[in-house]
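1. coords below, sequence missing:
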C-alpha cells in the first residue's frame with residue numbers, strides 16, 4: 001500500500017478506533033508520568049551487575065536523549081505515512097507504556113554508580129526528563145519500544161531491520177552509559193514480544209489492517 005493513502009480510512013469505525021487509541025495512549029502517558037514521579041520520590045538501592053562492573057562508563061547522551069526523541073518523531077511520521085499501521089501501533093505503544101509504568105513502579109532499584117544522566121541544562125535533555133523517559137529501570141524502554149516497532153513492521157524488511165538496528169544501538173548505549181542494568185536490556189525484547197502478542201489478541205481488527 002503506497003504512502004499517505006487515506007482513501008477509505010476515515011470510516012466511522014476507523015475514526016472511533018482512532019479516538020479510542022488516542023485516549024488509551026494519553027492514559028498510558030499519564031500513568032507513566034505518575035509512576036516516574038513515584039519512583040523519583042522513593043529511590044531504592046543500587047544492585048551489583050556483572051557486565052556493568054566490567055564496562056567502561058561513556059557519555060552517550062546524544063544517542064540516549066536526542067536519539068530517543070528522534071526515533072519517536074521518526075516513528076510518528078512513519079505511521080502517519082502508512083495509515084494501515086496507525087491504529088494498531090498507537091494501541092500497542094499504549095500497552096507498552098502502561099506495562100512498563102507498572103514494572104517501574106513496583107521495582108525500586110537505585111541508580112547504578114557512575115551513571116551518565118541527561119544534562120539538566122540541555123533543551124532536549126529537559127524535554128526527555130520532562131516526559132519521564134529517564135525514570136525507572138526494568139525494562140528498557142529504548143530497547144523494548146524499538147523492538148516492538150520491528151515486530152509491527154516485520155513484513156516490511158527495510159523497516160524491520162532499521163528498528164532492530166536501533167534497538168541494538170540503544171541497548172548498547174544505555175549499558176555503556178550505565179543508565180540501565182543488564183537485565184533491563186536483555187528482558188526488553190521478551191517484554192516487547194509479549195506485549196505485541198497481547199496487542200494482536202486484543203486489537204485483532206486493527207492488526208488485520210496491517211495484514212490487508
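-> Structure received. The model shown is predicted, which means the values in this text are computed figures rather than measured ones.

2. In this protein, where is pLDDT below threshold?
-> Scanning the chain for pLDDT under 70 picks out 1-5, 7, 43, 116-136.

3. Now do the helices in it.
-> With helices called from DSSP state H, the chain shows them at 12-41, 50-54, 61, 68-81, 86-106, 123-130, 141-152, 157-176, 182-202, 204-211.

4. Quick one: closest of these to residue 113.
-> Ranking the helices of the chain by their distance to residue 113 (criterion: CB to CB) puts helix 50-54 first, at 8.9 Å. (Each C-beta comes from the backbone N, C-alpha and C, glycine too.)

5. related to what we said a few turns ago, figure out which of the helices of the chain is closest to residue 114.
-> Closest approach to residue 114 among those is made by helix 50-54 (8.3 Å; CB to CB).

6. Would you mind pulling the contact partners of that closest one?
-> 112, 175, 178, 181, 182 (CB atoms under 8 Å, 6 or more residues apart in numbering).

7. need the next SSE after it, C-terminal direction.
-> In the C-terminal direction, the helix or strand that comes right after helix 50-54 (DSSP states H and E) is helix 61.

8. Nearest residue to the most centrally placed residue in the chain in space, please, no chain neighbours.
-> When CA atoms, centre = their mean is applied to the chain, the residue found nearest the centroid is residue 145 (3.1 Å). Nearest non-adjacent residue to residue 145, counting by CB to CB, 6 or more residues apart in numbering: residue 96, 6.0 Å away.

9. got it, and residue 142?
-> residue 170 (3.7 Å).

10. could you dump the helices of the chain to JSON lines with distance to residue 6?
-> Output for those, formatted as JSON lines (distance: least, CB to CB, whole Å):
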{"stretch": "helix 12-41", "distance to residue 6": "10"}
{"stretch": "helix 50-54", "distance to residue 6": "46"}
{"stretch": "helix 61", "distance to residue 6": "37"}
{"stretch": "helix 68-81", "distance to residue 6": "10"}
{"stretch": "helix 86-106", "distance to residue 6": "10"}
{"stretch": "helix 123-130", "distance to residue 6": "29"}
{"stretch": "helix 141-152", "distance to residue 6": "19"}
{"stretch": "helix 157-176", "distance to residue 6": "19"}
{"stretch": "helix 182-202", "distance to residue 6": "23"}
{"stretch": "helix 204-211", "distance to residue 6": "12"}
